[in-house]
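A.B. asks: Build the 3D model from these lines:
(one chain, ligands or ions: 1)
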Amino acid sequence: MQLPATGRPWDEVKKDLLDRGGNDAKWRDGKTAVYVFNAGEDIAAVQKEAYTAYMSENGLGPAAFPSLAQMEKDVISMALGVLHGPEGGTGAMTSGGTDSITMAIKAARDYARAGGRALEKGNIVVPQSAHLAFDKACHLMDIELRRIALKTDDTFEADVEAMESACDAETIMMVGSAPNFPHGIVDPIAALGEAAQRKGVWLHVDACVGGYFAPFARMNGVPVPAFDFEVPAVKSMSADLHKYGYAAKGASTVLFRTEELYKHMPFDFSCWSGAPMTTPTLAGTRPGGAIAAAWSVMNYLGVDGYCRLQGEVCATRERVEEGVKALGFEILGNPILGLIAFSHPEHHALALYGAMYRRGWFTSVTIEPPSLHLMLSPRHADFIDAYLEDLAACASAVAAGEDGKGAEKVEARYS
Ligand SMILES: *Cc1c(COP(=O)(O)O)cnc(C)c1O
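C.D. replies: Residues are numbered from 1 along each chain as shown. Model (predicted):
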């Protein structure tokens, strides 16, 4: 497309715009279990109205928009409130999990340097299941990343001992996930905390997908192990609002145990032709809409709202567990939140993935080991029986050699 020489009327552009969604994944019909968190129309309406109300405002200018500055403070305070944030804990809103993780690493590195550590490159020790955002951040900052194989006992948990052994004088951070994305498993954060303390290393908990889920699951009686600032060695956390916080996209939080740790995150600069500027995160301009929508959804839902929604997601996950086990699948580890991965001892996971995809299901896959992967939303409660029916049909078709086509293509894409 070229920029049109003359503009077109909005009703015409709008029709074109909406038509373009015609071939997108059918998430409104519950057929997508990745990318979108569908918590219902009321929450979507809150997101939309709140976002548009502050769409033009800019979080870069707290003096111009004290509204946004206060909303961000409120969001951080609410976040710390559900994650055992200690007195003096602090943080910032970011554009997403990748941004939160990048900034936590930047803070840890600058903290190490400020403490007099002469780092060559510095390194970070993470479990093999940690999100690739850590690799991206390390690539950007030229830090070495050490991925350590998981325990070999089918728990899909981080191997704390091996991670501890991988730390050396250059290590600036250890990482655990709560939960990890590929298997949905919460790493043994308390044990990682003890290891981090023995090594004198900063422990970051990546709760991007669990930070606004696990606390409420626990309130519902799910036996969630200690994973947040309750563990004394945890120095920072990443927790995404645009996932199970049900906020509009472009909203995450990065949290720090103390102001002393946090102060290594913001970028403060005055040696250029323009006015001095301080930016807390990777972004310059920060969308006011994302801040306003997160603040509004949190207030709209409250503790009881999150407990209800996360309870629905856990109930759906239990139905998936029962359903896929009945079809002969095995669940990877012991997932307790909203993510689940499962594989079949006989059927090729990627062939099944392809067959399900052709029936309109857009989900994810886990590669180690090859498995089907679901990230469940509250609205999936209404669609999971249909998913299981299609899965049964696809498993038979794949077993009969009738619907294996495309497996190579999927395999090539994912390996
Ligand atoms: C989604 C996710 C991230 C990255 O978050 P983005 O918002 O996609 O940048 C990091 N870690 C985990 C565990 C995640 O699930």
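A.B. asks: for Gly81, helix, strand, or coil?
C.D. replies: Secondary structure, DSSP: H, G, I helix; E, B strand; the rest coil: Gly81 is helix.
A.B. asks: who in the stretch 201-350 of the chain is up against the ligand?
C.D. replies: 206, 208-209, 240, 252 (CB under 6 Å from any ligand atom). Where C-beta positions appear, they are placed from N, C-alpha and C, glycine not excepted.
A.B. asks: again, only using 5 Å
C.D. replies: Residues of the stretch 201-350 of the chain lying near the ligand by CB under 5 Å from any ligand atom: 206, 208-209.
A.B. asks: Those into CSV, with extra columns for neighbour count and secondary structure?
C.D. replies: Below are those laid out as CSV (neighbours: other CB atoms under 10 Å; DSSP: H, G, I helix; E, B strand; the rest coil):
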residue, neighbour count, secondary structure
Asp206, 30, strand
Cys208, 29, coil
Val209, 26, coil
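A.B. asks: Between the residues you listed, which sits nearest Ile172?
C.D. replies: Ile172 lies nearest to Asp206 out of these, by CB to CB, at 15.5 Å.
A.B. asks: Quick check: the gap between the closest one and Ala386.
C.D. replies: 32 Å (CB to CB, to the nearest Å).
A.B. asks: Kindly report the same for Gly288.
C.D. replies: Counting by CB to CB - Gly288 and Ala386 are separated by 39 Å.
A.B. asks: try Val36
C.D. replies: 17 Å.
A.B. asks: Asp187 belongs to a strand, doesn't it?
C.D. replies: No. Counting by three-state DSSP, Asp187 falls outside a strand, being coil.
A.B. asks: wait, it sits on Asn180?
C.D. replies: Yes. At 6.8 Å, Asp187 counts as touching Asn180 under the criterion of CB atoms under 8 Å.
A.B. asks: Please enumerate the shared neighbours of those two.
C.D. replies: 127, 129 (CB atoms under 8 Å, 6 or more residues apart in numbering).
A.B. asks: Give the helix, strand or coil label for Glu260.
C.D. replies: Going by three-state DSSP: Glu260 is helix.
A.B. asks: that's a helix at Lys235, yeah?
C.D. replies: No. Under the criterion used here (three-state DSSP), Lys235 is strand, not part of a helix.
A.B. asks: Surely it touches Leu203?
C.D. replies: Yes. Under the criterion of CB under 8 Å, Lys235 makes contact with Leu203 at 5.9 Å.
A.B. asks: What is the end-to-end distance of stretch 373-380?
C.D. replies: End-to-end distance of stretch 373-380: 14 Å, with CA to CA, to the nearest Å as the criterion.
A.B. asks: just the helices in this structure please.
C.D. replies: Along the chain, the stretches classed as helices by DSSP state H are 10-19, 41-53, 66-82, 97-114, 133-141, 160-166, 189-199, 214-219, 259-262, 288-326, 349-358, 384-399, 407-414.
A.B. asks: give me the number of residues near Thr94?
C.D. replies: 27 (other CB atoms under 10 Å).
A.B. asks: ignore the last one, Tyr357
C.D. replies: 16.
A.B. asks: I'd like the distance between it and the ligand.
C.D. replies: Applying CB to the nearest ligand atom, to the nearest Å, the value for Tyr357 to the ligand is 21 Å.
A.B. asks: show me the contacts for Val201.
C.D. replies: 125, 167, 171-174.
A.B. asks: give me the subset of these touching the ligand.
C.D. replies: Within the contacts of Val201, nothing lies near the ligand by CB under 5 Å from any ligand atom.
A.B. asks: among the residues you listed, who's most crowded?
C.D. replies: Those, ranked by neighbours (other CB under 10 Å): first place Met174, 30 neighbours.
A.B. asks: Isn't Tyr353 up against Phe362?
C.D. replies: No. Between Tyr353 and Phe362 there is no contact under CB under 8 Å: 10.2 Å.
A.B. asks: quick one: which of these two has more around it?
C.D. replies: Between Tyr353 and Phe362, Tyr353 has the larger neighbour count (other CB under 10 Å), namely 25 against 16.
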